[in-house]
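K.L.:
build me a model from this:
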Amino acid sequence: MAILQKITPCLWFDTEAEEAAQFYVSVFEDSRILRVLHYTEAGYEIHGKPASTLLTVEFEISGERLTALNGGPQFKFSEAISLEVNCETQQEIDYYWDKLSNGGEKGYCGWLKDRYGLSWQVTPIILAEMLSDPDQDKCTRVTNAFLQMKKFKIRDLEKAFSGK
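P.N.:
Next up, the predicted model:
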C-alpha cells in the first residue's frame, strides 16, 4: 500500500470516531471513508475495549487524510490544535461556518468548535494577503476589523483594507 501523505492527523474521540468521520465526510466535497478497523481481543488488559468495538476510521476530507480513534474519555480536544479551512469566497465561509458550528460553539476571528469539540478556523484566503501588505496602516485596519468578527466577512475586511 502506497503512503498517500507522510503525516496524518489522528483525532482522539471517546466513542464517536465513526459518527464524526461520517459527519466530516458529509461536510466536505471530495471526501470519503477509507478504512474502518476494530479492536481485537489482543491488548484488552490495556485498552479495555471489547473485541469488534470500533478502533479507528481512516478518512479523507478534501484530499487530506485523517484518522479518527475511539480511545476513550481520557483526552479531550482543546484550541491548542485546530483544522483550518481556507476559503476563497464568502459563500464558502458561510457554508463551512454553518455546517461545522452546528451543535458546537462559535468563537471570534473565524474560530469555532464543532459538536465533537474539535476546533476549526474558517478563514478567507485573502486575509493573509491583506496582512502581508507592506502598508502597515492597511494591516492595522484589517486586524482591528477581524478582531471584532466571529465569522469572517470578506466585504468588511476589504472595506477596512481600503480605508472605507
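
K.L.:
every contact and neighbour count from this point should use C-alpha atoms.
P.N.:
OK.

K.L.:
which regions of this protein sit below the pLDDT cut-off?
P.N.:
1-4, 43 (pLDDT under 70).

K.L.:
mind doing that once more with 90?
P.N.:
Scanning the chain for pLDDT under 90 picks out 1-6, 37-55, 164.

K.L.:
elements contacting the helix or strand hosting residue 128?
P.N.:
Assigning secondary structure by DSSP states H and E places residue 128 in helix 125-131. The contact analysis (3 or more C-alpha pairs under 8 Å, 6 or more residues apart in numbering; DSSP states H and E) places helix 125-131 against helix 136-146.

K.L.:
following the chain onward from the helix it packs on, which element is next?
P.N.:
helix 154-162.

K.L.:
output that following helix in PDB, but only the C-alpha positions, please.
P.N.:
Provided in PDB are the C-alpha atoms of helix 154-162 (Å, rounded to 0.1, in the frame of the first residue of the first chain):
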ATOM      1  CA  ILE A 154     -14.800  39.400   3.300                       C
ATOM      2  CA  ARG A 155     -16.600  42.600   2.300                       C
ATOM      3  CA  ASP A 156     -15.900  44.200   5.700                       C
ATOM      4  CA  LEU A 157     -12.200  43.100   5.500                       C
ATOM      5  CA  GLU A 158     -11.900  44.700   2.000                       C
ATOM      6  CA  LYS A 159     -13.500  47.900   3.300                       C
ATOM      7  CA  ALA A 160     -11.100  48.100   6.200                       C
ATOM      8  CA  PHE A 161      -8.200  47.300   3.900                       C
ATOM      9  CA  SER A 162      -9.100  50.100   1.500                       C
END
